[in-house]
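Engineer: what's the 3D shape of this:
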Amino acid sequence: MSTSNYSFKNRCVSILCCKFCKQVLSSRGMKAVLLADTEIDLYSTDIPPTTAVDFIGTCYFTEICQCKLKDIACLRCGNIVGYHVIVPCKPCLLSCNNGHFWMFHSQAVFGINRLDSTGVNLLLWGNLPEAEESTDEDTLDISEEEYIR
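Structural biologist: Numbers count the residues shown, from 1 in each chain. Presented below is the predicted three-dimensional model:
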């Protein structure tokens, strides 16, 4: 699948954590907006966070588009934290997207900006190793307010 990754290379990489239990859900998160409704803020990732979330409920479609979705819940606390785009609809697939099909609700997760290998500068998506292994099994011992988004 081809994506328009150029416009996303300067976005900060975030560690995504469950607001309910602080479980790390993804170390490859990005702030995003819903393609079908750009007023909705989300986080997204490109790698399945299989050690931190699992599917819950049945598949569904939105009224705005025909993407086939399924909710995902945090494995530690059981709260719904987002959804996975099981099958993207053609209009969404053809629009400017970053190839991220794991979406997280901003009301259910918080993001912490990652630093690069120097520990000084923010890690940008264009500098993130593509084959980076996820370390999503941790729980952060922090509060959301301790970090600048």
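Engineer: how far does stretch 15-31 sit from the chain's center?
Structural biologist: 8 Å (C-alpha atoms, centre = their mean, to the nearest Å).
Engineer: Also stretch 110-118?
Structural biologist: On the basis of C-alpha atoms, centre = their mean, stretch 110-118 sits 14 Å off its chain's mean C-alpha point.
Engineer: got it, and stretch 9-25?
Structural biologist: 7 Å.
Engineer: likewise stretch 61-79?
Structural biologist: For stretch 61-79, the distance to the chain centre is 12 Å (C-alpha atoms, centre = their mean).
Engineer: please renumber so the chain begins at 229
Structural biologist: Got it, the first residue is 229 from now on, which makes the last one we talked about stretch 289-307.
Engineer: residue at max distance from the center of the chain?
Structural biologist: T346 (24.1 Å; C-alpha atoms, centre = their mean).
Engineer: Just the helices from the protein, written as ranges.
Structural biologist: 318-322 (DSSP state H).
Engineer: Any regions of it where pLDDT drops low?
Structural biologist: The model of the chain has pLDDT under 70 over residues 229-236, 261-267, 325-326, 358-377.
Engineer: my read: T273 touches G327, true?
Structural biologist: No - look at T273 against G327 with C-beta atoms under 8 Å: they stay out of range, at 10.2 Å. C-beta here means a position set from N, CA and C on the backbone, and glycine is covered the same way.
Engineer: which strands and helices sit next to the top strand by length along the chain?
Structural biologist: Counting residues, the longest strand in the chain under DSSP state E turns out to be strand 252-262. With contacts defined as 3 or more C-beta pairs under 8 Å, 6 or more residues apart in numbering; DSSP states H and E, strand 252-262 has these neighbours: strand 242-246, strand 265-273, strand 330-333, strand 337-341.
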